[in-house]
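Asks: model this:
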Amino acid sequence: MPRETQAEPVRPSPFAGTWYPGDRAQLEGELRRHLAAPRGGVDGRVLGLISPHAGLRYSGPVAAWGYALLEGRSDLTAVLVGPSHRGIFDGVAVYARGSFETPLGAVAVDEELAAALVAASPRVRPWSAPHLAEHSLEMQLPVLQHLVPGLRIVPALMGTQERGEVDALAAALAGALSGANRDWVLVASSDLSHYLPASEAALLDGEVVSDIERYDCDGLMSRLERRREHACGGGPIVAVMKAARELGAGRSRVLRYADSGDAAGDKRQVVGYVSAALCTA
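Replies: Take a look at the predicted model:
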């Protein structure tokens with residue numbers, strides 16, 4: 001994997017106007033609708049979230065359950081960990097400099113924390129190219145921008161999601177964040193099963209949801225090794241769960257499960273979504 005040292009430019013959005021509204025007012029209106037549904041809180045401080053990354057119309061109502069828990073926090077760095085859908089590579093690619101742009105403005109990379117993450121493991125490298133056409137992290141940004149003043153990000157994409165890469169990233173995340181001088185939250189970006197009838201999807205997804213709820217990192221990793229189609233971002237989920245545990249999370253709470261058919265009305269072939277929070281005990 002190449003190592004980059006020069007400052008990165010603003011990464012423009014390839015998905016605004018298709019995966020979510022390209023007009024600022026329309027986007028903010030949709031985010032307000034998703035966040036308006038009444039929902040409960042959690043005990044303890046939220047250190048990590050598991051959130052879907054499909055089009056906002058479909059996954060936004062589920063993602064809102066987790067992101068609503070961040071309301072009131074400011075000057076926060078969101079460390080975004082997602083899968084690479086458009087290329088397989090060894091290690092973890094970090095967009096270490098510059099910013100990501102959406103219709104709500106540009107979000108700066110927390111370059112100090114990104115550098116600490118890169119320094120924490122030889123398997124983590126500064127590399128912008130895999131991020132340029134990838135949706136899994138961008139889809140987390142609009143709701144974060146809407147809720148969190150002073151937001152910064154550290155975008156990290158996993159290339160293979162194999163066990164060694166997961167463990168190396170988890171250790172690097174825990175090491176980098178343990179010395180952070182700024183509020184932070186970890187975010188694992190993942191959808192669940194893809195294009196199954198809703199009844200079959202619910203059974204398959206229920207296994208992953210159960211592992212998350214039990215905070216069973218090793219059980220989930222073993223499940224993913226047997227059947228990767230459980231979750232396209234299963235590696236990010238496990239890495240974030242492990243890192244959050246090292247940083248003080250003692251409980252996992254599943255907040256919401258749904259599928260794309262709940263928004264589209266077609267239950268014949270759905271994508272599953274889960275929102276969960278990793279909290280201090």
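Asks: buried ones in stretch 200-216?
Replies: Using 16 or more other C-beta atoms under 10 Å as the test for burial, stretch 200-216 gives 201, 202, 204, 205, 207, 208, 209, 211, 212, 215, 216. In short, each C-beta sits where N, CA and C put it, glycine included.
Asks: which phi and psi does the fourth one have?
Replies: Note on residue 205: its backbone torsions stand at phi -70, psi -30 [degrees, to the nearest 10].
Asks: what about the strands in the stretch 101-250 of the chain?
Replies: 105-109, 124-126, 152-158, 183-189, 194-196, 249-259 (DSSP state E, counting those that start in this stretch).
Asks: could these go into CSV alongside mean neighbour count?
Replies: Below are the strands of the stretch 101-250 of the chain laid out as CSV (neighbours: other C-beta atoms under 10 Å):
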stretch, mean neighbour count
strand 105-109, 17
strand 124-126, 22
strand 152-158, 26
strand 183-189, 25
strand 194-196, 15
strand 249-259, 20
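Asks: of all those, which lies closest to residue 59?
Replies: strand 249-259 (8.5 Å; C-beta to C-beta).
Asks: Can you give the contact residues for the helix or strand that that closest one is followed by?
Replies: Counting by DSSP states H and E, the next helix or strand C-terminal to strand 249-259 is helix 260-264. Applying C-beta atoms under 8 Å, 6 or more residues apart in numbering, the contact partners of helix 260-264 are 54, 57, 58, 59, 61, 198, 267, 268, 270, 271, 273.
Asks: what about the fifth one, neighbour count?
Replies: Residues contacting residue 61 under the criterion other C-beta atoms under 10 Å number 20.
Asks: Quick one: residues contacting it.
Replies: Residue 61 touches 34, 37, 256, 258, 262, 263, counting by C-beta under 8 Å, 6+ apart.
Asks: The first one: how many residues sit nearby?
Replies: For residue 34, the neighbour count with other C-beta under 10 Å is 20.
Asks: Then the last one?
Replies: A count of nearby residues for residue 263, using other C-beta under 10 Å, gives 19.
Asks: For the closest residue to residue 99 other than its chain neighbours, give the beta-bridge partners.
Replies: Leaving out its chain neighbours, the residue that sits closest to residue 99 by C-beta to C-beta, 6 or more residues apart in numbering is residue 106, at 4.3 Å. Beta-bridge partners recorded for residue 106 (DSSP bridges): residue 101.
Asks: got it, and residue 92?
Replies: Note on residue 92: beta-bridge partners by DSSP bridges are residue 124, residue 158.
Asks: pretty sure it contacts residue 161?
Replies: No: in this structure, residue 92 is not within contact of residue 161 by C-beta atoms under 8 Å, at 10.0 Å.
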